[in-house]
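Next input, structure requested:
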Amino acid sequence: MALLLDRTAEVLSRAARDAGDVLKFCRRWLDWEPHEGQRRWLTAPRRPTAVLVTGRRWGKSVCAAVQALHYAVTHPKSRQCLVSVTLDQARLAWDAAVSYCEREPLLRALVKQIQLTPFPALRFKTGAAILARTAAREGVYLRGHRFDRVVVDEADYLSERLVNEVVRLTLVDSGGQLVLISTPRARRGLVYRELQRGLAGDPTVYAQTGPTWENPNVDHDYLRSLRDRLTAAAWQREVEGVYADEDAAVFRWADIQAAYEESAWALPVPAEVGRRYVQGVDLAKSEDWTVHVVLDATEKPYRLVHFERYQRHPWPVVAARIREVHRRYDCHQTLIDATGVGDAVLDEVRDVARGFVFTQRSKLDLISNLQVALEKREVKFPFLRELVEELQGYAWEDARLSTDCVMGLALAVWAAGPRGRVEFAPSLWS
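Next up, the predicted model:
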């Protein structure tokens with residue numbers, strides 16, 4: 001016991017010596033060297049609000065983990081929370097922090113407890129704690145807590161109301177710091193406005209941006225090869241880390257956000273007798289994905305209850321999967337893409353499915369139908385990153401886009417109740 005106390009005292013003494021220099025902490029405690037953009041962020045002046053908006057794979061979550069550990073080591077009895085739209089996303093930074101604690105002897109000597117359930121918590125012998133929470137269900141898992149720092153990861157996915165009415169209020173007791181980190185999503189949203197305030201010189205906000213290529217650890221040649229595969233807006237958001245013009249967006253960000261922000265149920269949802277289910281299936285072409293979407297269409301808003309996404313499966317396997325999901329939910333209707341190679345799958349499942357033929361007119365009807373359903377708040381789904389990002393990035397000129405999730409959802413919404421005209425492939429039902 002005496003040795004343990006001596007070791008803890010030694011570590012705390014070293015923490016005090018290193019407290020003023022976060023870069024020294026990174027090198028001595030974590031054996032980690034941040035890249036130039038991360039150094040600017042880690043050494044920035046502390047302000048009530050800090051905003052970091054960058055491209056994907058910049059290293060935001062690692063920075064969040066490092067800052068949280070440094071604060072915990074140098075601020076005994078402090079409470080920090082890593083928050084995001086899902087617990088999985090919030091755990092990215094939390095898991096990185098735990099990994100450092102398990103790997104590095106100095107940190108390991110300070111750890112008191114690593115708790116995984118019901119919510120992740122990393123507790124230190126100094127009384128400091130780093131927690132992870134989801135913002136789902138209107139922030140119910142945050143209400144009633146007090147924190148000294150809250151880091152909101154992928155903050156642009158959270159509504160402004162939730163950040164202001166729930167997250168900020170957890171900082172009231174301590175006058176703590178709100179940290180917003182995100183890949184850019186919605187111009188004119190809270191993160192965008194706070195970023196602009198900071199860049200304009202507001203003394204209460206520190207703001208920083210950065211492109212993906214600031215990270216020397218990503219493959220820059222591969223990154224450049226993606227430019228021809230992405231729309232200009234997607235390249236700006238995902239790689240350059242800047243807000244793109246939304247004028248060409250088919251689906252409004254506010255409508256997408258409204259569909260998932262209060263929809264926290266786990267997938268898949270078991271089938272219930274007496275409910276009306278429909279299935280939409282978009283079939284893979286070459287390197288694309290096959291996507292199944294099942295909606296509970298008993299009443300509006302329709303609820304997404306089953307989602308799966310896979311690729312490179314032979315057509316007989318895909319056909320068997322369509323039939324299995326159809327029977328599991330006793331679907332009122334299963335609608336599949338029957339254009340081109342999809343016709344071969346339709347031949348295998350005509351007993352349970354109808355085929356949707358994509359023409360210029362029918363595709364316009366299909367997407368417009370989904371557009372109206374989202375605007376009228378007639379469809380809800382849990383946060384699925386692939387689906388959300390495809391919806392936001394979708395454009396009428398979609399030849400170079402990933403659209404499998406969008407089309408799967410659109411087919412399911414159409415099967416639930418179309419508003420316009422469409423051409424169906426020949427069916428045994430006709």
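
Residue 40: how many residues sit nearby?
Residues lying near residue 40 (other Cβ atoms under 10 Å) number 14. To be clear about C-beta, it is placed using only N, CA and C from the backbone, and glycine gets the same treatment.

Would you mind putting the CA coordinates of the helix or strand hosting it into CSV?
Here residue 40 sits within helix 36-42, counting by DSSP states H and E. Provided in CSV are the C-alpha atoms of helix 36-42 (Å, rounded to 0.1, in the frame of the first residue of the first chain):
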residue,chain,number,x,y,z
GLU,A,36,0.9,20.8,-36.9
GLY,A,37,-2.9,21.4,-36.9
GLN,A,38,-3.3,19.3,-33.8
ARG,A,39,-0.5,21.3,-32.1
ARG,A,40,-2.3,24.6,-32.8
TRP,A,41,-5.5,23.2,-31.3
LEU,A,42,-3.9,21.7,-28.2
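
And the contacts of it?
Helix 36-42 has contacts (Cβ atoms under 8 Å, 6 or more residues apart in numbering) with 22-23, 26, 34, 52, 54, 58-59, 62-63, 66-67, 208, 210, 214-215.

Go again with 10 Å.
Applying Cβ atoms under 10 Å, 6 or more residues apart in numbering, the external contacts of helix 36-42 come out as 22-23, 25-26, 32-34, 50, 52, 54, 58-60, 62-64, 66-67, 70, 179, 181, 206, 208-211, 213-216, 241.

what's the span of stretch 344-364 from first residue to last?
24 Å (Cα to Cα, to the nearest Å).

who does the strand or helix carrying residue 368 touch, helix- and strand-wise?
Secondary structure from DSSP H and E places residue 368 in helix 360-375. Under the contact criterion of 3 or more Cβ pairs under 10 Å, 6 or more residues apart in numbering; DSSP states H and E, helix 360-375 touches helix 253-260, strand 353-356, strand 379-380, helix 385-393, helix 404-416.

which SS class is the closest residue to residue 384 other than its chain neighbours?
Nearest non-adjacent residue to residue 384, counting by Cβ to Cβ, 6 or more residues apart in numbering: residue 307, 6.0 Å away. Classification of residue 307 by DSSP: H, G, I helix; E, B strand; the rest coil places it in strand.

isn't residue 307 right up against residue 267?
Yes: under the contact definition of Cβ atoms under 10 Å, residue 307 touches residue 267, with a separation of 5.7 Å.

Looking at the two, which has the bigger crowd around it?
residue 307 (20 against 13).

contacting residues around the more buried one?
Contacts of residue 307 by Cβ under 10 Å, 6+ apart are 267-268, 291-294, 381-382, 384, 386-387, 405, 408-409, 412.

between those residues, which is closest to residue 135?
Distances from residue 135 to those, taken as Cβ to Cβ, are shortest for residue 382 (12.9 Å).

need the contact list for the closest one.
Counting by Cβ under 10 Å, 6+ apart, residue 382 has contacts 85-86, 136, 259-260, 263-267, 269, 303-305, 307.

Just the buried ones from those residues?
Listed as buried from the contacts of residue 382 are 85, 86, 136, 259, 260, 263, 264, 269, 303, 304, 305, 307; burial here means 16 or more other Cβ atoms under 10 Å.

In contact with the fourth one, which residues are there?
Looking back up the chat, that one is residue 259. So residue 259 contacts 251, 301, 304, 373-374, 377-383, 387-388, 391, 409 (Cβ under 10 Å, 6+ apart).

tell me the strands in the chain, going along the chain?
With DSSP state E, the ranges of strands along the chain come out as 49-54, 79-84, 111-115, 121-124, 129-134, 149-153, 177-182, 205-210, 277-282, 290-296, 302-310, 333-337, 353-356, 379-380.

Now distance to residue 401 and mean pLDDT too, for those, in a markdown table please.
Converted to a markdown table, these look like this (distance: least, Cβ to Cβ, whole Å; pLDDT from 0 to 100):
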| stretch | distance to residue 401 | mean pLDDT |
| --- | --- | --- |
| strand 49-54 | 23 | 97 |
| strand 79-84 | 25 | 97 |
| strand 111-115 | 41 | 96 |
| strand 121-124 | 40 | 97 |
| strand 129-134 | 29 | 96 |
| strand 149-153 | 26 | 97 |
| strand 177-182 | 22 | 97 |
| strand 205-210 | 25 | 96 |
| strand 277-282 | 13 | 96 |
| strand 290-296 | 14 | 97 |
| strand 302-310 | 16 | 97 |
| strand 333-337 | 15 | 94 |
| strand 353-356 | 19 | 92 |
| strand 379-380 | 20 | 97 |
